[in-house]
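I'd like to go over a predicted model; first the sequence, then the structure.
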Amino acid sequence: MELIDVQLLGTGYKVFVDNFYTSPILFRDLLLKRIWACGTIRTNRIGFPRSKVNILVSKSPRGSIRWIRNDSLLFVQWRDTRDVFLCSTLHTAHAEDTVQRRVKAADGQWQLKDVSVPPVVQDYNRCMGGVDHSDALIGYYKVLHKTQRWYKTLFYHFMDIAIVNAFLLQKDLAIGKGEVPLHQKAFRETLAVELAEAGSSSTATPGPPPAPRGAHHRPVHISGHSTAGRLKCRQCHAKTPVKCSSCDIPLCFVAGRDCYNDWHVANDL
């Protein structure tokens with residue numbers, strides 16, 4: 001709540017979030033400030049109803065709805081291809097809306113059928129479609145990996161978002177020019193090569209003549225093995241199994257000692 005722009009409080013905004021942010025406590029606090037909220041919710045969240053009354057079972061058909069009203073909060077469970085759980089402070093539980101889904105009939109044939117859909121699901125899909133699409137694109141080639149440092153997780157996620165946004169911009173620009181856009185894998189590979197070749201001008205350190213500017217500089221193992229054939233690093237003089245493929249110079253390339261990039265930046269490569 002302390003992160004909210006004070007000018008937004010009391011203005012009647014409607015906020016849609018994914019399950020990372022959805023919290024019954026937060027939604028109640030937002031409602032007191034006249035900000036309505038809706039989002040998918042994890043069933044293990046504090047404040048999520050534990051009642052088993054009218055719970056959906058495995059045989060419940062597609063389109064089944066279970067809802068619980070807890071003062072200002074509405075909790076909805078809707079059966080689609082899987083169960084979807086949502087929490088909202090701005091929706092009613094039922095409406096006459098339906099969506100078409102492919103359902104297997106008694107004779108084993110697939111057919112289109114109208115199934116009930118609660119208003120909270122329709123509004124969430126309409127308002128969060130772009131976010132879900134972005135999350136899907138990130139999931140294909142995400143930079144994020146396991147780490148014990150929370151700030152690294154935040155940094156990697158922001159990097160993923162920036163790359164996907166750049167990919168979407170590239171796609172729109174290419175289509176606008178009548179060109180064929182790069183698919184995401186090719187875009188990421190091109191981006192990685194261009195970032196690796198980018199550098200800032202600075203005073204070159206003593207050493208052999210650097211490789212031509214157009215050369216592709218990539219870290220490779222000296223002997224093709226991760227430990228055998230180690231040589232002394234040109235930058236810090238520690239033993240390293242890695243060298244530059246173009247410069248043919250041994251350089252450290254580990255998390256705590258990135259001599260490879262330091263040396264190339266110093267030599268404007």
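Thanks, I have the structure now.

from here on, contacts and neighbour counts on C-alpha atoms
Fine.

is the residue nearest to residue 69 when sequence neighbours are not counted in a helix, a strand, or coil?
In space, and not counting its chain neighbours, residue 69 is closest to residue 75: 6.3 Å by CA to CA, 6 or more residues apart in numbering. Put simply, residue 75 is strand when judged by DSSP: H, G, I helix; E, B strand; the rest coil.

and residue 75, how far is that from residue 121?
Applying CA to CA, to the nearest Å, the value for residue 75 to residue 121 is 11 Å.

with residue 184 instead?
29 Å.

any shared contact partners between residue 75 and residue 121?
Shared contacts of residue 75 and residue 121, defined by CA atoms under 8 Å, 6 or more residues apart in numbering, comprise residue 86.

so for these two, which sits in the more crowded spot?
It is residue 75, of residue 75 and residue 121, that has more neighbours when counted by other CA atoms under 10 Å, with 23 against 19.

spit out the contact partners of that one.
Listed by CA under 8 Å, 6+ apart, the contact set of residue 75 reads 48, 49, 67, 68, 69, 85, 86, 87, 88.

of those residues, buried ones?
Among the contacts of residue 75, those scoring as buried are 48, 67, 68, 85, 86, 87, 88 (criterion: 16 or more other CA atoms under 10 Å).

and the last one, bridged to which residues?
Partner residues in beta bridges with residue 88, using DSSP bridges, are residue 38, residue 74.

so it sits against residue 38, correct?
Yes. Counting by CA atoms under 8 Å, residue 88 does reach residue 38; the two are 4.2 Å apart.

domain ranges for this protein?
Following automatic domain parsing, one finds the domains of the chain at 6-102+112-127, 141-194, 199-269.

least confident of those, on average?
Note on those: domain 199-269 shows the lowest mean pLDDT, a mean of 76.

distance between it and the chain's centre?
In terms of CA atoms, centre = their mean, to the nearest Å, the centre of domain 199-269 is set 32 Å apart from its chain centre.

equivalent analysis for stretch 20-28, please.
Counting by CA atoms, centre = their mean, stretch 20-28 is centred 20 Å from the centre of its parent chain.
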